[in-house]
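S.K.: quick one: sequence and predicted model below, then my questions.
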Amino acid sequence: MKKILILILTLASVQGFTEEFNASTEYSRLETLYNHEIELGHYDRAIKILLDLDEMFPGETEILFKLVDAYVKKGKAVPCWIMLSPWSAATESDILNRKKAEKLLENKDLKNHCN
């Protein structure tokens with residue numbers, strides 16, 4: 001019985017590690033694709049990729065900042081939910097991403113109209 005329990009726990013931990021690795025790989029793949037689309041000026045495609053990333057990693061401030069940046073580059077108003085939702089302030093990087101997004105919107109006529 002003890003051996004079966006150890007085997008189950010071992011398989012479960014290996015499965016969990018595999019899923020985490022796959023998520024990391026998918027994040028990297030989509031981030032590379034996003035960078036490529038931005039370089040080509042395909043902002044709508046870049047936004048779609050970032051929205052997919054946000055679904056996979058909700059609240060990731062780097063993704064939220066890149067969304068604001070892509071909307072600004074496209075010349076489109078930033079959707080309300082991006083700036084109204086609370087952003088993490090767990091790290092200095094999180095705080096900086098929020099400030100950079102606010103600064104981008106300060107300088108544009110694309111401020112969200114939801115405030």
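M.R.: The structure has been received and is ready for your questions. Numbers count the residues shown, from 1 in each chain.
S.K.: how about low-confidence regions in this structure?
M.R.: Applying pLDDT under 70 to the chain flags the ranges 1-21, 108-115.
S.K.: burial of I63, as a residue count?
M.R.: 24 (other C-beta atoms under 10 Å). (C-beta placed from N, C-alpha, C; glycine too.)
S.K.: now swap in E102 and tell me
M.R.: Around E102 there are 13 residues (other C-beta under 10 Å).
S.K.: so it, which of the three states?
M.R.: State at E102, reduced to three classes by DSSP: H, G, I helix; E, B strand; the rest coil: helix.
S.K.: what sits against the residue nearest the centre of the chain?
M.R.: In the chain, the residue lying closest to the centroid (C-alpha atoms, centre = their mean) is I63, at 2.9 Å. Contacts for I63 (C-beta atoms under 8 Å, 6 or more residues apart in numbering) come out as L50, L53, D54, F57.
S.K.: in TSV, list those residues along with secondary structure and neighbour count.
M.R.: Shown next, in TSV, are those (DSSP: H, G, I helix; E, B strand; the rest coil; neighbours: other C-beta atoms under 10 Å):
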residue	secondary structure	neighbour count
L50	helix	26
L53	helix	22
D54	helix	17
F57	coil	14
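S.K.: can you add distance to Y43 and give these back as CSV?
M.R.: As requested, those are exported to CSV (distance: C-beta to C-beta, whole Å):
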residue, distance to Y43
L50, 10
L53, 15
D54, 16
F57, 21
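S.K.: which one of these is nearest V78?
M.R.: Using C-beta to C-beta, L50 comes nearest to V78 of the contacts of I63, at 11.8 Å.
S.K.: the closest one - nearest residue in space that isn't next to it in sequence?
M.R.: Nearest in space to L50, with sequence neighbours left out and distances taken as C-beta to C-beta, 6 or more residues apart in numbering, is L67 at 4.8 Å.
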